[in-house]
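Student: Pasted the sequence and its predicted model underneath.
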Amino acid sequence: MDFENKTILNNKNIPLLQVKNLKVYFYLEEGILKAVDDVSFDIGRKKVLGIVGESGCGKSVTAQSILRIVPHPGRTVGGEILLHQNGNLVDLAKLNPSGRDIRAIRGKEITMIFQEPMTSLSPIHTIGNQIMEAVLLHRDMSQSEARELTLEMLYKVGISNPHQRIDEYSYQLSGGLRQRAMIAMALSCNPSLLIADEPTTALDVTVQAQILELMKELQSEFGMSVMYITHNLGVIAEIADDVLVMYLGKAVEYASADEIFHNPLHPYTIGLLKSIPKVGKEARTRLEAIKGTVPLPLDLPRGCGFYQRCREAKKGICNVGDPSLIEVTKGHRVNCFLYK
Amino acid sequence: MLFYVIRRLLYMIIILFLLSVVAFIIIQLPPGDYVSAYVAEMQSMRGERLAEEEIIALRKIYGVDQPMYVQYSKWLLKLSHGNFGMSLQLQRPVIDLIAERLPLTVMICILATIFTYAVGMPIGIYSAIRQYSIGDYFSTVFGFIGLAVPNFLLALILMFLFYKYFGFSIGGLFSLQYMDASWSVGKFIDMLKHLPIPVIVIGTPGAAALIRTMRGCLLDELRKQYVITARAKGLEERTLLFKYPVRVAINPIISTIGWTLPWLISGGTITSIVLGLPTTGPLLFQALLKQDMELAGSILMILSFLTVIGTFISDILLVLLDPRIRYEKSVV
């Protein structure tokens, strides 16, 4: 590591993870699907970054590309994923996806929980077996120490009688308990970044609130950064410090949570916010929906990806050139021709 | 679990009883009986004509003059005492006939089973993790050919190839000079030379089917979320593969392993006839042709028994392997 980098790393303000111009393409028979196209963001230490967008906008692929587990035939074709890890700087995008280096980071420095707690645990191994596996892999512990730690983690994530649960199978647990077990597994090695890919989407509303509360508590207790992926703006308001709004593989707006909610700039963000029902609003008024659906990011025409659905679209401008992400006010970036 | 086992054992007895009825009826289905088959053979082979009284006498000796249900009850009574009866045609106790063919039959079929799994499992796994690769296409072609080519044809082709390129005497399990010799090192080596063809022929369809099953099951599992969870945990790809998806994917395969038991006896009857192997397959075939009631019935009953036992073993294995089944209410 050269001298210049060292001085930067000593700076406490340096973010934990910097993603720069990330491009993840899927090479399909029908053509190249640009799942993530030139996306940049930072995740600060002990901060929560919320990533919002509709299904298929590339949020999950962004998360997978950080861990380098993008499914075939997807490939990270460009950009940097810089992890600042106790004095070291690693570009995850350059690591071999099945190599030793990335495996040492997966499950240790960066862990992930998933949308479907029903299927994200193996049906034929006990909960304890699966959590201990991560512990034994990354921590220098004996079987019995790992089991102790697992019990402690299960207790921490609010699972009652962990001594019984540790030897149970996933199908014996409810969805909420499974997600708690997943969280226990993800936190068992003290990660510096937890990626949560829609962790509450498949759960009952009451359980959603509990899990969200639990994640907030644990985030402050463990002092980790969180990347929280969701399509639910209510959840974002609850938990995020910064927000990245994605549309069709591109970042359309990137700002602090306050800015996003109080001063949204991009027509898509404004549309999303208008589509949430609010308490106190007059009853029986129509919720505004964004018309149309997300197109497949395959052989897209030139111009802004949101052009077809945008209220503010200007023919001759928006469908001709590609907008780029520009900083409108400090820390508030938007990807729209309205702000030039 | 204990309750489950006991209940299954009770079912097995009932099923075996029903099977004995079915086996008996099937053997009796063709017109005539052993005596008429015998008479017809005498006539066509040696031109002898038996007198009416002689035929009646024969019927009485062999007991085929009695009504069906009497014959059946007698047979069942004998069976329940472990007495398999006599072969009418060969005039020897059925138990001896089966016993002298059983060791070789079992050996060939165990080797064929090992061949099936040793070939089918690795290729199936490879095919799944390298889906649509050249190797996968190759194994797919091999799989379909293995499934589609009839056993006897494969046997004939292999016999020809082995004879042409290795100069092995074809057919049978022993060369002429060892046919009736007692066991010796020379005879053993001679037998080893004859083994590959029957093992390959009998094992190939199973291997081909296993490749397809393994590939399909594993492909299903590989796409599941828990595999991604395990990968995100930092597990090495090979460890991950064998601990999670392969382990789940082999459940249906292990649970059918017990079904190979009846196949140990009947395994490739036609192959055995074509290759001239001294196994139980051709014995059953002959017995059915000649309506040799007690021999055919005994072999069929042994097959049924092995099928039932095999299924039972499979179910127990599955219960032991898959916790989802183990903990179902009906099982505990």
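Tutor: Structure's in. What do you need?

Student: Now for chain B: which helix has the highest residue count?
Tutor: If you go by DSSP state H, chain B has its longest helix at helix B:94-129.

Student: Measure how far that helix is from the centre of its chain, please.
Tutor: 9 Å (CA atoms, centre = their mean, to the nearest Å).

Student: Could you see whether chain B lies near stretch A:28-39?
Tutor: No - Stretch A:28-39 stays clear of chain B (CB under 8 Å from any CB of the partner chain), getting no nearer than 11.0 Å. Where C-beta positions appear, they are placed from N, C-alpha and C, glycine not excepted.

Student: So for the longest helix of chain B, what gets flagged as buried?
Tutor: Of the residues in helix B:94-129, B:94, B:97-98, B:101, B:104-105, B:107-109, B:111-113, B:115-117, B:119-121, B:123-129 count as buried by neighbour count, 16 or more other CB atoms under 10 Å in any protein chain shown.

Student: where are the low-confidence patches of chain B?
Tutor: B:168-171, B:176, B:264-267, B:326-332 (pLDDT under 70).

Student: Of all the helix elements in chain A, which one is longest?
Tutor: Max-length helix for chain A by DSSP H is helix A:205-222.

Student: Which strands border the next helix or strand after it, and is each parallel or antiparallel?
Tutor: Going down the chain from helix A:205-222, the next helix or strand is strand A:225-230, by DSSP states H and E. Here strand A:225-230 is paired, per DSSP bridges, with strand A:48-52 (parallel), strand A:193-197 (parallel).

Student: Now the helix or strand following strand A:225-230 - C-alpha only, CSV.
Tutor: As assigned by DSSP H and E, the chain's next helix or strand after strand A:225-230 is helix A:233-239. Extracted in CSV, the C-alpha atoms of helix A:233-239 (Å, rounded to 0.1, in the frame of the first residue of the first chain):
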residue,chain,number,x,y,z
LEU,A,233,-40.3,3.8,1.6
GLY,A,234,-41.9,3.6,5.1
VAL,A,235,-39.1,1.2,6.1
ILE,A,236,-36.5,3.6,4.6
ALA,A,237,-37.9,6.5,6.6
GLU,A,238,-37.6,4.3,9.7
ILE,A,239,-34.0,3.1,9.3
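
Student: which strands and helices sit next to helix A:233-239?
Tutor: strand A:48-52, helix A:205-222, strand A:225-230, helix A:257-262 (3 or more CB pairs under 8 Å, 6 or more residues apart in numbering or on different chains; DSSP states H and E).

Student: Surely residue B:278 is within a strand?
Tutor: No - using DSSP: H, G, I helix; E, B strand; the rest coil, the assignment for residue B:278 is coil, not a strand.

Student: Chain B contacts on the stretch 1-150 of chain A?
Tutor: Residues of the stretch 1-150 of chain A lying close to chain B (CB under 8 Å from any CB) are A:67, A:69, A:71, A:98, A:103-108, A:111-112, A:114, A:116, A:119-125, A:130, A:133-134, A:137-138.

Student: Could you check how many residues crowd around the closest residue to chain B within the stretch 201-340 of chain A?
Tutor: Closest residue of the stretch 201-340 of chain A to chain B, CB to the nearest CB: residue A:202 (10.8 Å). Residues lying near residue A:202 (other CB atoms under 10 Å in any protein chain shown) number 18.

Student: mind listing what whatever residue of the stretch 1-150 of chain B ends up closest to chain A touches?
Tutor: Across the stretch 1-150 of chain B, no residue is closer to chain A than residue B:131, which sits at 8.9 Å (CB to the nearest CB). Neighbouring residues of residue B:131 by CB atoms under 8 Å, 6 or more residues apart in numbering or on different chains: residue B:219.

Student: Need the per-residue pLDDT for residue A:44.
Tutor: pLDDT recorded at residue A:44 is 91.

Student: which residue sits closest to it, ignoring its sequence neighbours?
Tutor: Nearest residue to residue A:44 in three dimensions, chain neighbours excluded: residue A:15, at 4.8 Å (CB to CB, 6 or more residues apart in numbering or on different chains).

Student: just checking, the one you found touches residue A:42?
Tutor: Yes - counting by CB atoms under 8 Å, residue A:15 touches residue A:42, with 3.9 Å between them.

Student: all strands in the stretch 51-200 of chain B, in order from the N-terminus.
Tutor: Shown for the stretch 51-200 of chain B, the strands assigned by DSSP state E, counting those that start in this stretch span residues B:86-87, B:92-93.

Student: What is the neighbour count of the closest residue to chain A within chain B?
Tutor: Closest to chain A within chain B is residue B:234: 3.5 Å, counting by CB to the nearest CB. Neighbour count for residue B:234, taken as other CB under 10 Å: 24.

Student: close enough to count as contact, it and residue A:135?
Tutor: No - under the criterion of CB under 8 Å, residue B:234 makes no contact with residue A:135, lying 11.2 Å away.

Student: that older thread, with distance to residue A:85 and mean pLDDT as extra columns, can I get the strands paired with strand A:225-230 in TSV?
Tutor: As requested, these are exported to TSV (distance: least, CB to CB, whole Å; pLDDT from 0 to 100):
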stretch	distance to residue A:85	mean pLDDT
strand A:48-52	17	94
strand A:193-197	10	93
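
Student: would TSV of those with mean neighbour count be doable?
Tutor: Shown next, in TSV, are the strands paired with strand A:225-230 (neighbours: other CB atoms under 10 Å in any protein chain shown):
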stretch	mean neighbour count
strand A:48-52	26
strand A:193-197	25
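
Student: Quick one: closest of those to residue A:177.
Tutor: When the strands paired with strand A:225-230 are compared by CB to CB, strand A:193-197 sits nearest residue A:177, at 16.9 Å.

Student: now that closest one and helix A:205-222, what's the angle there?
Tutor: Angle between the axes of strand A:193-197 and helix A:205-222 is 170 degrees (criterion: axes from the mean of the first three to the mean of the last three CA atoms, to 10 degrees).

Student: Dump strand A:193-197 to PDB, keeping only the CA atoms.
Tutor: Taking C-alpha atoms only, strand A:193-197 is exported to PDB below (Å, rounded to 0.1, in the frame of the first residue of the first chain):
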ATOM      1  CA  LEU A 193     -21.300  -4.400   6.700                       C
ATOM      2  CA  LEU A 194     -24.700  -6.100   6.800                       C
ATOM      3  CA  ILE A 195     -26.500  -6.300   3.500                       C
ATOM      4  CA  ALA A 196     -30.200  -6.800   4.000                       C
ATOM      5  CA  ASP A 197     -32.100  -7.600   0.800                       C
END
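
Student: Contacts made by that strand with the rest, please.
Tutor: Contacts of strand A:193-197 (CB under 8 Å, 6+ apart): A:16-17, A:43, A:59-60, A:63, A:66-67, A:83, A:109-115, A:186-187, A:215, A:219, A:224-229.

Student: How far does that strand sit from its chain's centre?
Tutor: The answer for strand A:193-197 is 6 Å, by CA atoms, centre = their mean.

Student: can you check stretch B:161-175 too?
Tutor: Distance of stretch B:161-175 from the chain centroid (CA atoms, centre = their mean) equals 24 Å.

Student: Output it in PDB with nothing but the alpha carbons.
Tutor: Backbone C-alpha positions of stretch B:161-175 (Å, rounded to 0.1, in the frame of the first residue of the first chain) are rendered in PDB as follows:
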ATOM      1  CA  LEU B 161     -16.600 -55.700 -29.700                       C
ATOM      2  CA  PHE B 162     -15.000 -57.600 -26.900                       C
ATOM      3  CA  TYR B 163     -14.500 -60.600 -29.100                       C
ATOM      4  CA  LYS B 164     -13.100 -58.600 -32.000                       C
ATOM      5  CA  TYR B 165     -10.700 -56.400 -30.000                       C
ATOM      6  CA  PHE B 166      -9.900 -58.400 -26.900                       C
ATOM      7  CA  GLY B 167     -10.400 -61.900 -28.200                       C
ATOM      8  CA  PHE B 168     -12.400 -62.900 -25.200                       C
ATOM      9  CA  SER B 169     -14.700 -65.900 -25.600                       C
ATOM     10  CA  ILE B 170     -18.100 -64.500 -25.700                       C
ATOM     11  CA  GLY B 171     -21.200 -65.300 -23.700                       C
ATOM     12  CA  GLY B 172     -21.500 -67.100 -20.400                       C
ATOM     13  CA  LEU B 173     -19.600 -66.400 -17.300                       C
ATOM     14  CA  PHE B 174     -16.900 -69.000 -17.700                       C
ATOM     15  CA  SER B 175     -14.800 -70.300 -20.600                       C
END
